[in-house]
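Participant: Next one to model:
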Amino acid sequence: MTARYHAEFVARLFKYPGAGGWIFAPVPEKYAPPVTHGWGRTPVQATVDDQSWKTSVWRGKDGRTLLAVPKKIRGAKGDGDRVRVRLEFNVL
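Facilitator: Just a heads-up that it's a prediction; the model follows:
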């Protein structure tokens, strides 16, 4: 049996360093889902500022959990902007 869990928080977007760096929303540790798949990945239903999509969060080698936020979801927002994030996922 699985239970559905959700977390809501405000995050400051940041651009990963380097050419073509992605934009991420860091997930506070207290809201980070447990890793359920390879490469530190956990599938989630994400909502950023009322735009929802199915994706995954990743736990990096540095221990941070990150949500990649594509341009079509974040619109004009970018590095340094704040967004409201909701994550939903199953807890086994």
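Participant: give me the element the residue most central in space within the chain is part of.
Facilitator: In the chain, the C-alpha nearest the mean C-alpha coordinate belongs to L67, at 2.2 Å (Cα atoms, centre = their mean). Element membership for L67, per DSSP states H and E: strand 65-68.
Participant: Tell me which stretches of the protein form strands.
Facilitator: For the chain, strands defined by DSSP state E occupy the ranges 3-12, 14-15, 23-27, 41-48, 51-59, 65-68, 82-91.
Participant: tell me what the second one is packed against?
Facilitator: Contacts of strand 14-15 with other secondary structure elements, assessed using 3 or more Cβ pairs under 8 Å, 6 or more residues apart in numbering; DSSP states H and E, are made with strand 23-27. For glycine as for every other residue, the C-beta is placed from the backbone atoms N, C-alpha and C.
Participant: Sheet-wise, list the partners of the strand it packs on with their directions.
Facilitator: Partners of strand 23-27 in the sheet, by DSSP bridges, are strand 14-15 (antiparallel), strand 65-68 (antiparallel).
Participant: among the ones you listed, which is nearest H6?
Facilitator: In terms of Cβ to Cβ, the element of these nearest to H6 is strand 65-68, at 13.7 Å.
Participant: Next, the residues that contact the closest one from outside, please.
Facilitator: 11, 22-27, 29, 32-33, 44, 46, 48, 55, 57-60, 85, 87 (Cβ atoms under 8 Å, 6 or more residues apart in numbering).
Participant: could you give me the average pLDDT of it?
Facilitator: Strand 65-68 carries an average pLDDT of 96.
Participant: list the buried ones in that strand?
Facilitator: For strand 65-68, burial by neighbour count (16 or more other Cβ atoms under 10 Å) applies to 65-67.
Participant: need those in TSV with distance to G78, can you?
Facilitator: Shown next, in TSV, are the buried residues of strand 65-68 (distance: Cβ to Cβ, whole Å):
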residue	distance to G78
T65	20
L66	16
L67	15
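Participant: Out of the residues you listed, which is nearest to G75?
Facilitator: Using Cβ to Cβ, the buried residues of strand 65-68 come closest to G75 at L67, 15.8 Å.
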